[in-house]
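A.B. asks: Output the structure for:
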Amino acid sequence: MDMNDDELKQEKLLLTDLENRCMKAFMKLYKSYGEDLLIYAYTQLQDPKLAIQTVDDFFERLWSDAKFTDINPPIYRFLLEQMQKICEQKSIC
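C.D. replies: Here you go, the predicted structure:
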């Protein structure tokens with residue numbers, strides 16, 4: 001996914017706000033990517049309740065761990081890679 005300069009700037013700003021524990025920025029992150037991650041989780045897990053719980057747990061852990069400095073734009077790629085790992089682990093169990 002190629003990003004233009006403005007998109008890159010916006011994502012870096014969002015990450016800075018997240019690093020500063022800005023709840024408004026976190027809600028923006030959730031609103032921007034939560035539904036896509038839920039769809040992905042459901043297609044992998046084939047269980048709507050488990051998919052919802054998985055995505056909710058993921059965002060809760062993301063907020064509590066607060067390792068936003070580990071994320072490099074594009075944010076979506078990072079989030080999807082993490083969700084893929086989580087779903088793979090749940091599918092194995």
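
A.B. asks: Thr69 against Asn20, yeah?
C.D. replies: No - using CB atoms under 8 Å, Thr69 is not in contact with Asn20, being 11.2 Å away. C-beta here means a position set from N, CA and C on the backbone, and glycine is covered the same way.

A.B. asks: any low-confidence regions in this protein?
C.D. replies: When residues are selected by pLDDT under 70, those of the chain lie in 1, 92-93.

A.B. asks: For the residue nearest in space to the middle of it, what is the enclosing helix or strand?
C.D. replies: Centroid check for the chain by CA atoms, centre = their mean gives Leu79 as the closest residue, at 3.6 Å. Taking DSSP states H and E as the definition, one finds Leu79 inside helix 75-92.

A.B. asks: How far does that helix sit from its chain's centre?
C.D. replies: 9 Å (CA atoms, centre = their mean, to the nearest Å).

A.B. asks: And for stretch 81-93?
C.D. replies: Centre to centre, stretch against its chain (CA atoms, centre = their mean), the figure for stretch 81-93 is 14 Å.

A.B. asks: buried sites along that stretch?
C.D. replies: 83, 86-87, 90 (16 or more other CB atoms under 10 Å).

A.B. asks: contacts for that stretch?
C.D. replies: Outside of stretch 81-93, the residues within contact range by CB atoms under 8 Å, 6 or more residues apart in numbering are 37, 40-41, 44-45, 50, 54-55, 58.

A.B. asks: still on that earlier bit, identify, from the buried residues of stretch 81-93, the entry nearest to Ser64.
C.D. replies: Using CB to CB, Ile86 comes nearest to Ser64 of the buried residues of stretch 81-93, at 15.1 Å.
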